[in-house]
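Participant: sequence below, structure please.
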Amino acid sequence: MKNLIHSIIFMFGLSMSGQSFILQEHDKQLHFAAGTLAGAFGYTWSYQKHHNKTKAIITGICTSLLVGTAKEAYDNFQGGIFDERDILATGMGGVFITFTIPLFQKKKNKQQ
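Facilitator: Okay, the predicted model is just below:
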């Protein structure tokens, strides 16, 4: 399972190469914030259900990417432009929060 997480991070890192200034755009900052909220929701829901940080991280990232993709599909349906960089910014928010939440979670006591 750890290899899967490392693969996801690696692939996400490759997709972000050349995008170092993406978060300087106001629209991308909003997408990042939305991805943070969606990722936090996905992580929290999954962790409460499975009590597994790895599954929760994957769920949080996938939730943020799903929300970003759905938003862009909606924009396209309404006559707007489908912007992959918006999905990237939303996913970046999801990655940020799903790797931040575990840093502040208490460790379980294994002496039970």
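Participant: where does the protein dip in pLDDT?
Facilitator: Applying pLDDT under 70 to the chain picks out residues 1-21, 108-112.
Participant: helices along that one, start to end?
Facilitator: When secondary structure is read from DSSP state H, the chain shows helices at 2-16, 26-50, 53-77, 84-104.
Participant: dump those to CSV, plus mean neighbour count.
Facilitator: Quick note: C-beta positions are derived from backbone N, CA and C, even for glycine. Compiled in CSV, the helices of the chain are given as follows (neighbours: other Cβ atoms under 10 Å):
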stretch, mean neighbour count
helix 2-16, 12
helix 26-50, 19
helix 53-77, 19
helix 84-104, 20
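Participant: who are the contact partners of the residue nearest to the spatial centre of the chain?
Facilitator: Relative to the mean C-alpha position of the chain, the nearest C-alpha, by Cα atoms, centre = their mean, is the one of residue 94, at 2.0 Å. For residue 94, the contacting residues are 35-36, 38-39, 42, 60-61, 63-65, taking Cβ atoms under 8 Å, 6 or more residues apart in numbering as the criterion.
Participant: what is the most widely separated pair among those residues?
Facilitator: Among the contacts of residue 94, the pair separated by the greatest distance (Cβ to Cβ) is 36 and 65, at 12.8 Å.
Participant: quick one, what contacts the closest residue to residue 59 other than its chain neighbours?
Facilitator: Excluding its sequence neighbours, the residue lying closest to residue 59 (Cβ to Cβ, 6 or more residues apart in numbering) is residue 46, at 3.6 Å. Shown here is residue 46, whose contacts under the criterion Cβ under 8 Å, 6+ apart are 52, 55-56, 58-60.
Participant: what about residue 46, distance to residue 26?
Facilitator: Relative to residue 26, residue 46 is positioned 31 Å away (Cβ to Cβ, to the nearest Å).
Participant: what of residue 71?
Facilitator: Residue 71 sits 16 Å away from residue 26, going by Cβ to Cβ.
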